[in-house]
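Novice: What follows is a predicted protein model with its sequence.
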Amino acid sequence: MHQRRVIPGFGLSLGFTLIYLSVLILIPLAALFLKAAGLGWQEWWNLLVSARVLAAAKLTFGASAAAAALSSVLGTIVTWVLVRYRFPGRRLMDAMIDLPFALPTAVAGITLTTIYAPNGWVGAYLAQFGIKAAYSPLGVFIALTFVGFPFVVRTLQPVLEDFTKDTEEAAAMLGAGRWVTVRRVVLPMMLPALITGFTLAFARAIGEYGSVIFISGNLPMKTEILPLLIVSQLEQFNVPAAAVIASAMLIVSFMLLFSINLLQRWLDWRHR
Amino acid sequence: MSISIQSIHKTFGSYKALDDISLEVPNGSLTALLGPSGSGKTTLLRIVAGLEFADSGSGKILFHGENVVNVPAGKRQVGFVFQNYALFRHMTVAQNIAFGLTVLPRNLKPTAKAIRERVQELLHLVRLDGLDLRRPDELSGGQRQRVALARALAIRPKVLLLDEPFGALDAQVRKDLRRWLRVFHDEIGLTTLFVTHDQEEALELADQVVVMRNARIEQVGPPQQIYDKPRTPFVYEFLGNVNKLANPNGPAQYVRPHEIEVKFAAEFDPSLDRLAVVQHLFSAGPVAALSVRLDDGQFLEVEITRKQLDELALSEGDSVALGLPPTDRE
Amino acid sequence: MSHPDVTTESKPVRLLLIAGAGLIMAGLLLLPLLAVFIEALRKGWEVFFVSLRDEAALSAVTLTLTAAAISVPLNTLFGVAAAWAVTKFRFKGRALLVSLIDLPFAVSPVIAGLVWVLMFGSHGWFGQWLLASDIKIIFALPGIIIATMFVTFPFVARELIPLMESQGSDQEEAAITLGAGGWQIFRRVTLPNIKWGLLYGVLLCNARAMGEFGAVSVVSGHIRGETNTLPLHVEVLYNEYQFSAAFACATLLALLALVTLGVKSAIEHFTDHSRSVL
C-alpha cells in the first residue's frame, strides 16, 4: 500500500541517501569482506595467529586500552574543571580540547616524534632516566592518549553540565563531606558516560594510523601496529592477508560501537 | 463554509486513532472537539487540514459539499493554528504573516504593496499594531498566538482550525484570549473547529461541542445540552464536577453538586428526599461547598449559594434533608 | 565570614585541580602545537618560505584543495538529503539507516583506503576493466577523492540529524498549510533554521578532508608533484630528513586546525550549538 505523506521529498531524499550510502560505503565494505571470505577458515586462523599479527594486535589493543584509560583519568579532571569552575582562559581551554581532532594526524605524528625523540624536548629529559619514549611502545601509548583525550572530555562534558546540584546538596544535608559526596554520588553518576568515552577513545585508537606511524618506529614484532601491518601487506601485494586483517579489525570495531549503542539504549531506558 | 466529515477511520499500525467518525460542522459555527489526550481529537483536526490522511478507502471530508480528501493541504485553503504556534523563528512578525502570500505562484502573487497593506490590516485585526518588526522570541505567549492566527488568516481561508489554541498560555491570559476569540469569531464569522481538553473552555467558547473518547464521538450538541443532558457516564464525568451515587436497584445516578437542594432536616420528605449529615463546610467565595454523608454512608459534594448557607445557618455535624433531581435521563 | 558552598570543593582543592587541568592541556595539547611552529622556524624565515614556495609543496596544496572542493560539497548534499529523509519521515529501517550513516567512523582510515584498492586496484573487482579502458582511479586524483569522501561521509549528516529532529516538523507543516511547495519550504523555512548546524558540519567535514592522511596514503601511490596531498607531502619531507621543510608545510595544516577550532567555538558560543567531535 502506498503511504501518503504530507511533507514533500521523501522518495528523492531517501533514494539519493540510499544510493550514495551504498556506492560510497556499503559496496566497498562488502568488497573487503568478500575478498577476505575468499580465504578459508583455516587460512584466516593461520594468518591471525601468526606471530607478527599477534604481536601487532597485542601492541594495538594493549596500547589503545592503556591510552584510553589515561585519557579517561586526564579527561575527567579537565572536564570537571571546565564545567564546575570559572577562571580566566576557560573558553580557550574549552576550544583547545578538540585540537587532536582538528590537527591532521600526520602533523601530530611528526610533532610528537620530534618532542619525544631521544634528542627532543621531552625525550632528552626522559633519556636521562633511561626511558625511551619515541620508537618504543611508550611512544605509541603517548600518541594514542593524545588522540583519545577529546573523546572522553566531549562525552563527559554534556552529562556533567546536565547534573543538577540538588543531589549533591541532598548528600551534603545528610552529612556527607565533599570528598565522600564526589566519590559516592557524583562519580557513580558519571560512570556510564565515562565508560562510553573510554570505549570511543579505545575504538578510535585501534584504527589510528597517522599520528602513530612516525613515533612508533615500525619494527615488526616490536612496535608495529595493526593498521601499519595492513599497509605493509598491501605494499608487498599480499592483498588477501591485508583484507583478512582489515576484516577482523572491522568486526572488533563494529562490536565496540554496537556495545556503546546497547549501553546508551540501556541507560536511556533506565532513565525513563 | 460547512465541513462534513463522513465515516473517517485512522489507524497507526495496530492502534486505532479514529473509529468511524462522522460529524457536521455548520457554516459559521465555532465547534469544539473536546476530549482527553489520546481520544483522537487532534488526529481528526489534522486530517481535516490535510496534514494527516485517513485510512485509504475510508470516508470523506466535504468542504461545502466538495470532497477534499485528495486535495493537498496547501490547496485546501485551511487556516491552521498549531498548538505551539509553529511561527517561523527567523522571520519578523510581518514576514510570518505575509508568508502565505509570498509563496503564491507569480501570476497570483499580490504586489509588495498589497502584501504590506494586508499585513497591516491583519495586525490591526488581531490587535498587534506596531509589532510588525518584532521576532517571535520577542513576543509574549498571547501575542504569538495572535500572530499565528493572523498568519493563518492571511491566505483568506475558508475554514479555521485551531489545535489547543490556549494550551500554552497562563491561566489569566487564557481567559482573556478566550473571550477575545469568541468576539473575534462573531465578527469575522469564519467556520472554526478547535481542539481542547479543557471542558470549561469548550463550554464557554463553542456553539457546538463534540465530546470524543477512545477514537469515537460520545456526544455532539450545544454546550448547554451537553452539560445538562449528558448521554453517557463518561460525558457526565468529563464535563464538570459530578457525584456518582451507587444505586443497589439499578444503574448509578449522576448528580451535579449544584443540582442538589439543601433543606432543614425538619422538612424531610421520605418519598423524595435523602437524609444526610454535614461533614465539612467550605465557604470562602460566592458559592459554598458542602461535603455531606448520606444515611447509607455515601459521600456527596453539594454546592449552594452563600445566601442559602446563611439562611440555613449550617455548621459541621448538622443534619439536613437533600432534594435530589429526578433520575430520568434521556 | 565565609559561607562554605556545599556543592563545590575548598579553595585550595579548586586551585589545585585548575592547575592540574592547565598542566594536562599544556603538556598534552599546547606543547605539540607550539612545537610545530618552533620546528618550522628553526632554520629561519627564509627556509620556511622557500619550503612553502617549493613546486611540490604548491602542487600538494592544489591537490588538497581540489580533493576538498569536490568531496565536501558532495557530502554536504548527502548530509542534507539524509537528514531530511531521516527526520521528516518515519519508515521501516530508519534506525538502521541512521547507524549505517555513522559506520565510517568505526572504520580505520587505512581500511577506508584499502576498500578502494580492492574495488579499483589492479587486482580489484574492476581492475582489469579499468586497465583495459585506460582509466586510472587508484594512484590518481579520483582515488584520493573517493577515499576522502569515505572518511568524511558522516560529518554533515551527523550534525543535521539531531538538530532537525529536535526542531520537529511543525514549521514545515505550517508552511504547507499556507500553500508553500517543497523547494520553498526547504529554502525559506528549513534552511534558515539549520544554517548554523550546516555550517558547523561543513567546517568539520572540510577540516578532516584537508587533513586526511591514512586513507589517502593507501590510494595515492606517493607520486611527488602529482598524487601527494599536503599531509602526504609532509610525510615525504619528514622521511627525507628535511625536517624544517616538513614542519613549514605542517604549519599550514596547523593553521587550518586553529581556524577550524576558532570558527567552531564561535558557532558554539553564538548559537548554543552542542559541541561535537570531529
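Specialist: It's in.
Novice: The strand or helix carrying C:I267 and chain B, any residue contact?
Specialist: Per DSSP states H and E, C:I267 falls inside helix C:243-271. No: Helix C:243-271 is not in contact with chain B by C-beta under 8 Å from any C-beta of the partner chain; minimum separation 12.1 Å. From N, CA and C alone the C-beta is placed, and that goes for glycine too.
Novice: Rounded mean pLDDT for that helix, please.
Specialist: Averaging the model's pLDDT scores along helix C:243-271 yields 94.
Novice: So what's the residue count around C:L237?
Specialist: 25 (other C-beta atoms under 10 Å in any protein chain shown).
Novice: quick one: stretch A:21-28 near chain C?
Specialist: Yes: Stretch A:21-28 comes into contact with chain C (C-beta under 8 Å from any C-beta), by way of A:21, A:24-28.
Novice: Restrict these to those that also contact chain B, please.
Specialist: Okay, of the residues of stretch A:21-28 next to chain C, nothing touches chain B (C-beta under 8 Å from any C-beta).
Novice: By neighbours, which of those wins?
Specialist: Result: A:P28 is most packed of those (other C-beta under 10 Å), 24 neighbours.
Novice: Residue numbers of chain B in contact with chain C?
Specialist: Residues of chain B lying near chain C (C-beta under 8 Å from any C-beta): B:49-51, B:72-76, B:78-80, B:82, B:84, B:86-91, B:99-100, B:103-104, B:151-152, B:154-155.
Novice: Could you pull up the residues touching A:L156?
Specialist: Residues counted as contacts of A:L156 (C-beta atoms under 8 Å, 6 or more residues apart in numbering or on different chains) are A:75-76, A:79, A:190, A:193-194, A:197.
Novice: Go again with 10 Å.
Specialist: A:72, A:75-76, A:78-80, A:82-83, A:190, A:193-194, A:196-197 (C-beta atoms under 10 Å, 6 or more residues apart in numbering or on different chains).
Novice: For chain B, which residues are neighbours of chain A?
Specialist: Residues of chain B lying close to chain A by C-beta under 10 Å from any C-beta of the partner chain are B:46, B:49-57, B:70, B:72-74.
Novice: As a markdown table, those residues with pLDDT would be great.
Specialist: Putting those into a markdown table (pLDDT from 0 to 100) gives the following:
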| residue | pLDDT |
| --- | --- |
| B:R46 | 95 |
| B:A49 | 95 |
| B:G50 | 94 |
| B:L51 | 94 |
| B:E52 | 92 |
| B:F53 | 92 |
| B:A54 | 92 |
| B:D55 | 91 |
| B:S56 | 83 |
| B:G57 | 80 |
| B:N70 | 91 |
| B:P72 | 92 |
| B:A73 | 92 |
| B:G74 | 91 |
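Novice: Would you tell me which one of the contacts of A:L156 comes nearest to chain B?
Specialist: A:V83 (27.0 Å; C-beta to the nearest C-beta).
Novice: Report the buried residues of the one helix or strand the closest one maps to.
Specialist: A:V83 belongs to helix A:51-84 when assigned by DSSP H and E. Applying a neighbour-count criterion of 16 or more other C-beta atoms under 10 Å in any protein chain shown, one finds A:53, A:55-57, A:59-61, A:63-72, A:74-84 buried in helix A:51-84.
Novice: Please apply the same query to stretch A:31-38.
Specialist: For stretch A:31-38, the neighbour count (16+ other C-beta under 10 Å) marks A:31-33, A:35-36 as buried.
Novice: right, is it up against chain C?
Specialist: Yes: using C-beta under 10 Å from any C-beta, a contact is recorded between stretch A:31-38 and chain C, made by A:31-36.
Novice: Go through these and flag which are in helices.
Specialist: A:31-36 (DSSP state H).
Novice: Chain B next: which of those residues are close?
Specialist: Among these, proximity to chain B is found for none (C-beta under 10 Å from any C-beta).
Novice: helices and strands around the helix holding A:V83, which ones?
Specialist: helix A:41-48, helix A:90-96, helix A:137-162, helix A:187-207, helix A:210-216, helix A:226-235, helix A:239-271, helix C:11-25 (3 or more C-beta pairs under 10 Å, 6 or more residues apart in numbering or on different chains; DSSP states H and E).
Novice: Quick check: which of these is buried the most?
Specialist: helix A:210-216 (a mean of 28; mean count of other C-beta atoms under 10 Å in any protein chain shown).
Novice: what residue ranges in the stretch 101-250 of chain A score low on pLDDT?
Specialist: Nowhere does the stretch 101-250 of chain A drop to pLDDT under 70.
Novice: gap between the residue of it found nearest chain B and chain C?
Specialist: Proximity to chain B, evaluated over the stretch 101-250 of chain A using C-beta to the nearest C-beta, is greatest for A:E161 at 22.8 Å. With the distance defined as C-beta to the nearest C-beta, to the nearest Å, A:E161 ends up 10 Å from chain C.
Novice: give the contact list for the closest residue to that residue other than its chain neighbours.
Specialist: Of all residues not flanking A:E161 in the chain, A:V83 sits nearest, at 5.5 Å (C-beta to C-beta, 6 or more residues apart in numbering or on different chains). By C-beta under 10 Å, 6+ apart, A:V83 lies in contact with A:90, A:94, A:153, A:156-163.
Novice: What's the per-residue pLDDT of A:V83 here?
Specialist: Reported pLDDT for A:V83: 94.
Novice: what's the helix or strand for the residue in the stretch 1-150 of chain C that chain B sits nearest to?
Specialist: At 9.8 Å from chain B, C:R90 is the closest residue in the stretch 1-150 of chain C, using C-beta to the nearest C-beta. Here C:R90, judged by DSSP H and E, is contained in no helix and no strand.
Novice: which phi and psi does it have?
Specialist: phi -110, psi 130 (degrees, to the nearest 10).
Novice: ditto for B:F80
Specialist: Dihedral angles (degrees, to the nearest 10) for B:F80: phi -120, psi 130.
Novice: what residues are up against it?
Specialist: Shown in contact with B:F80 (C-beta under 10 Å, 6+ apart): B:45-46, B:48-51, B:73, B:86, B:148, B:151-152, B:157, B:159-163, C:173-174, C:176-178.
Novice: Likewise for C:L23?
Specialist: A:74, A:77.
Novice: One more: C:A180?
Specialist: By C-beta under 10 Å, 6+ apart, C:A180 lies in contact with A:8, B:74, B:99-100, B:102-104, C:172, C:174, C:186-189.
Novice: and if we set it to 6 Å?
Specialist: B:V103 (C-beta atoms under 6 Å, 6 or more residues apart in numbering or on different chains).
Novice: In three-state terms, label it for me.
Specialist: The three-state assignment at C:A180 reads coil, by DSSP: H, G, I helix; E, B strand; the rest coil.
Novice: Ok, B:S22 next?
Specialist: Three-state call for B:S22 (three-state DSSP): strand.
Novice: okay, it: pLDDT?
Specialist: 96.
Novice: give me the number of residues near it?
Specialist: Quick note: B:S22 (other C-beta under 10 Å) scores 13 neighbours.
Novice: who touches it in this structure?
Specialist: B:5-7.
Novice: cool, B:F282 as well?
Specialist: Per C-beta under 6 Å, 6+ apart, neighbours of B:F282: B:A289.
Novice: Then C:M149?
Specialist: A:24, C:71.
Novice: just the residues of stretch A:31-38 next to chain C now: which is nearest chain B?
Specialist: Among the residues of stretch A:31-38 next to chain C, A:F33 lies closest to chain B (C-beta to the nearest C-beta), at 34.8 Å.
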